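>>> Need coordinates for the below:
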Amino acid sequence: MFALIFLAATVSAVPNLDIDKICKSAADIPGNQDPIAGCLNDEKAAKERLINAWPTYPAASREDCTSELKFGVGVSYVEIETCFQIQDWKTHLQDIGGEHVPGAHGPQLQLK
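Okay, the predicted model is just below:
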């Protein structure tokens, strides 16, 4: 029952994530002058974009892109936003090069 209540709440609004906790792991990224500040900026910007676009996403996409939250997995706003972009790309394959998947298997490999 709790999972259903949590899922309904997750689908209805942008989840409230602890971006400070999410960005602490960014300190381990070598070669970046201030990785935590960069992470915080990216997460805050992604959250704002999600808040503005949230009502435009289908409920099924919102549920799919936030489903890992119910397991306590460290999902970020950037990851949720990327998930929505992938969901959109899957529905508009012709706009991004069609259904053909180039690669080692050649033209016979098609997305179905």
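
>>> Every contact and neighbour count from this point should use C-alpha atoms.
OK.

>>> On the C-terminal side of the lowest-mean-pLDDT helix or strand in the chain, identify the next helix or strand.
When the helices and strands of the chain are compared on mean pLDDT, DSSP states H and E, helix 2-12 comes out lowest with a mean of 52. As assigned by DSSP states H and E, the chain's next helix or strand after helix 2-12 is helix 19-24.

>>> Give the rounded mean pLDDT of that next one.
Computed over helix 19-24, the mean pLDDT rounds to 88.

>>> same thing with stretch 83-97?
76.

>>> go on, stretch 38-52?
Mean predicted lDDT for stretch 38-52 stands at 94.

>>> ok, residue 47 - contacts?
14, 77-78 (Cα atoms under 8 Å, 6 or more residues apart in numbering).

>>> So which of those residues wins on neighbours?
residue 77 (25 neighbours; other Cα atoms under 10 Å).

>>> Thought residue 41 was touching it, still the case?
No - Residue 77 is not in contact with residue 41 according to Cα atoms under 8 Å; the separation is 11.1 Å.

>>> Excluding residues flanking it in the chain, which one is nearest residue 42?
In this structure, residue 42 finds its nearest non-sequential neighbour in residue 78, 7.2 Å apart by Cα to Cα, 6 or more residues apart in numbering.

>>> for that neighbour, helix, strand, or coil?
What DSSP: H, G, I helix; E, B strand; the rest coil gives for residue 78 is helix.
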